[in-house]
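A.B. asks: Sequence plus predicted model, see below.
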Amino acid sequence: MPCTRKRSNVSRVAPRRNFALPPSLRHTVIVLGTNAAQPVINMKLGIIGSGRLGSFHADKAAAHTDVKLVAVADPSESSRKALAAKHHLIDCATPKELFPLVDAVVIAAPTSAHYELGIRCLQHGLHVLMEKPMCASLSEAEQLVDAAFKANVVFQVGHVEEFNPAWTAAEPILEKVRSGQPVLIDAVRCSGYTFRSTDIGTVFDMMIHDLDLVLSIVPSRVQSVDAVGFNVIGGPHEDVANARIRFENGSVANFYASRVSPQVARSMRLTTVEIAVSVDFGSRTASFVNPDSEVLRGAFAPERISFDETAKLAPSFMKERFVVEEVQNDAVDALALEMDDFVHSVRTGGTPRVSGKRALAAVAAAESIVKAIRKTA
């Protein structure tokens with residue numbers, strides 16, 4: 001009979017933990033040392049960027065009991081005034097007007113403006129939650145991380161999939177990967193064209209989510225990066241991209257991203273010699289496949305069984321010898337959890353789940369992939 005189990009998880013978030021930058025990319029990082037931010041008790045927050053994402057962040061901040069949402073800054077008068085009216089905020093034409101009013105900011109501006117806005121906020125001593133990607137340049141990203149260290153403030157990057165309960169549910173295999181067990185990873189992220197984030201391509205816009213997750217768990221140096229991509233809509237950036245990263249410990253990660261797809265997908269499959277899991281970020285499910293102990297000890301290796309035995313085993317082998325378990329997780333507000341993590345880090349002087357330092361690895365990988373794509377274009 002089939003060895004299939006289903007269970008549901010109450011919404012939960014993995015324990016807070018510090019993520020070191022993967023060894024594969026440490027050579028790209030300024031050595032920062034340890035510098036804990038000073039705690040803030042009653043956090044006054046400003047939003048820089050009053051577009052779609054800025055509005056979402058404002059909603060989460062306004063609902064947070066430990067945040068006083070104070071002001072919004074955006075060059076678009078109509079946009080910022082609409083958000084200011086919704087949440088009774090001070091509307092600022094420039095970020096400079098906002099600086100003296102707040103302890104922290106959310107930067108939800110176009111990626112091309114991240115560096116200039118980020119460096120000004122950090123040098124002013126503000127804690128920063130910056131939407132992903134941190135920057136489209138590793139050099140600029142490193143300067144932001146260095147500025148945050150020197151200012152002794154919290155610098156968090158909005159890789160929101162870290163808070164997806166399906167990723168948390170995959171912990172049994174993530175633990176094995178972190179321990180150094182080689183893993184084969186296939187990540188797919190697709191959507192239709194939205195006319196947003198046109199200042200970057202799909203690698204920095206979409207694939208970077210999966211790059212961050214993978215690089216946070218594989219404890220090995222990158223051996224090689226291969227990539228190909230295409231521009232479909234027009235302009236200087238890729239709309240479709242495929243990349244393969246090989247690691248020195250034998251792990252291989254394949255990434256596919258498209259922002260011109262009729263289908264919407266956000267999934268990742270991770271396979272080791274002992275366990276496999278398929279994570280669907282959209283449906284919040286994690287499906288595990290576990291071979292039983294007889295399979296793992298090699299009892300069914302071809303040299304150990306006769307041809308007649310294989311004929312008997314084959315029809316029901318997968319059902320009887322591989323345990324399948326699907327974990328369905330309750331819906332969560334990942335953006336609210338991200339905001340809570342930021343507030344907690346600012347209030348306690350702690351390290352956020354996706355710090356600027358951790359996010360450097362994804363920027364470095366994305367930059368390498370884009371360079372590889374341009375070589376083949």
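C.D. replies: Thanks, I have the structure now. Numbers count the residues shown, from 1 in each chain.
A.B. asks: Please export the C-alpha coordinates of stretch 140-157 as CSV.
C.D. replies: Below are the C-alpha coordinates for stretch 140-157, written out as CSV (Å, rounded to 0.1, in the frame of the first residue of the first chain):
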residue,chain,number,x,y,z
GLU,A,140,27.6,49.5,-4.4
ALA,A,141,26.2,46.8,-2.2
GLU,A,142,29.5,46.3,-0.4
GLN,A,143,29.6,50.1,0.2
LEU,A,144,26.1,50.0,1.8
VAL,A,145,27.0,47.1,4.1
ASP,A,146,30.2,49.0,5.1
ALA,A,147,28.2,52.2,5.7
ALA,A,148,25.7,50.3,7.9
PHE,A,149,28.6,48.8,10.0
LYS,A,150,30.2,52.2,10.5
ALA,A,151,26.9,53.8,11.5
ASN,A,152,26.2,50.9,13.9
VAL,A,153,22.6,50.5,12.5
VAL,A,154,20.4,47.6,11.4
PHE,A,155,20.5,47.0,7.6
GLN,A,156,18.0,44.5,6.4
VAL,A,157,17.1,43.4,2.8
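A.B. asks: State the mean pLDDT of that stretch.
C.D. replies: Taken as a whole, stretch 140-157 has an average pLDDT of 98.
A.B. asks: ok, and for it, which residues are buried?
C.D. replies: 140-149, 151, 153-157 (16 or more other Cβ atoms under 10 Å). For the C-beta atoms, the positions are set from N, CA and C on the backbone; glycine is no exception.
A.B. asks: From the chain's centroid, how far away is it?
C.D. replies: Distance of stretch 140-157 from its chain centroid, counting by Cα atoms, centre = their mean, to the nearest Å, is 18 Å.
A.B. asks: One more: stretch 117-131?
C.D. replies: Going by Cα atoms, centre = their mean, the spacing between the C-alpha centre of stretch 117-131 and its chain's C-alpha centre is 20 Å.
A.B. asks: Show the end-to-end separation of stretch 91-101, please.
C.D. replies: For stretch 91-101, the separation between the terminal residues is 11 Å (Cα to Cα, to the nearest Å).
A.B. asks: ok, residues contacting it?
C.D. replies: The set of residues external to stretch 91-101 that reach it, using Cβ atoms under 8 Å, 6 or more residues apart in numbering, is 44, 46, 48, 70-73, 75, 77, 80-81, 83-84, 90, 105, 117, 120-121, 124, 126.
A.B. asks: quick one on the thing from earlier: among the buried residues of stretch 140-157, which are in helices?
C.D. replies: Applying DSSP state H to those, the entries found in helices are 140, 141, 142, 143, 144, 145, 146, 147, 148, 149, 151.
A.B. asks: In JSON lines, list these along with distance to residue 219.
C.D. replies: Rendered in JSON lines, the data for those read as follows (distance: Cβ to Cβ, whole Å):
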{"residue": "140", "distance to residue 219": "26"}
{"residue": "141", "distance to residue 219": "21"}
{"residue": "142", "distance to residue 219": "21"}
{"residue": "143", "distance to residue 219": "26"}
{"residue": "144", "distance to residue 219": "25"}
{"residue": "145", "distance to residue 219": "20"}
{"residue": "146", "distance to residue 219": "24"}
{"residue": "147", "distance to residue 219": "28"}
{"residue": "148", "distance to residue 219": "24"}
{"residue": "149", "distance to residue 219": "23"}
{"residue": "151", "distance to residue 219": "30"}
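A.B. asks: Can you get me a residue count around residue 226?
C.D. replies: Neighbourhood size, residue 226 [other Cβ atoms under 10 Å]: 14.
A.B. asks: ugh, wrong one, I meant residue 321
C.D. replies: When neighbours are counted by other Cβ under 10 Å, residue 321 registers 18.
A.B. asks: And for residue 317?
C.D. replies: Counted with other Cβ under 10 Å, residue 317 comes out at 13.
A.B. asks: which one of the buried residues of stretch 140-157 is nearest residue 335?
C.D. replies: residue 156 (12.6 Å; Cβ to Cβ).
A.B. asks: which residues does the closest one bridge with?
C.D. replies: residue 129, residue 355 (DSSP bridges).
A.B. asks: isn't residue 62 right up against residue 87?
C.D. replies: Yes: counting by Cβ atoms under 8 Å, residue 62 touches residue 87, with 5.0 Å between them.
A.B. asks: Now the common contact residues for these two.
C.D. replies: Joint contacts of residue 62 and residue 87 (Cβ under 8 Å, 6+ apart) are residue 69.
A.B. asks: Nearest residue to residue 144 in space, ignoring adjacent ones along the chain?
C.D. replies: Closest residue to residue 144 apart from its sequence neighbours, by Cβ to Cβ, 6 or more residues apart in numbering: residue 118 at 4.8 Å.
A.B. asks: got any ranges where this structure has weak pLDDT?
C.D. replies: By pLDDT under 70, the low-scoring segments of the chain are 1-41.
A.B. asks: so where do the helices sit in it?
C.D. replies: Going by DSSP H, the chain shows helices at 52-63, 77-87, 95-98, 114-123, 138-151, 165-169, 171-178, 202, 208-217, 293-296, 307-313, 317-321, 334-348, 356-376.
A.B. asks: quick one: buried residues of the longest one?
C.D. replies: To tie it back to what came earlier, the one meant is helix 356-376. For helix 356-376, by 16+ other Cβ under 10 Å, it's 356-370, 372-373.
A.B. asks: What's the local residue count around residue 235?
C.D. replies: 11.
A.B. asks: The one 10 residues further on now?
C.D. replies: A count of nearby residues for residue 245, using other Cβ under 10 Å, gives 24.
A.B. asks: same check, this time on residue 287
C.D. replies: For residue 287, using other Cβ under 10 Å, the count is 19.
A.B. asks: so it bridges to which residues?
C.D. replies: Under the criterion used (DSSP bridges), residue 287 bridges to residue 278, residue 326.
A.B. asks: what residues are up against it?
C.D. replies: By Cβ under 8 Å, 6+ apart, the contact set of residue 287 is 277, 278, 280, 324, 325, 326, 327.
A.B. asks: No more questions from me, cheers.
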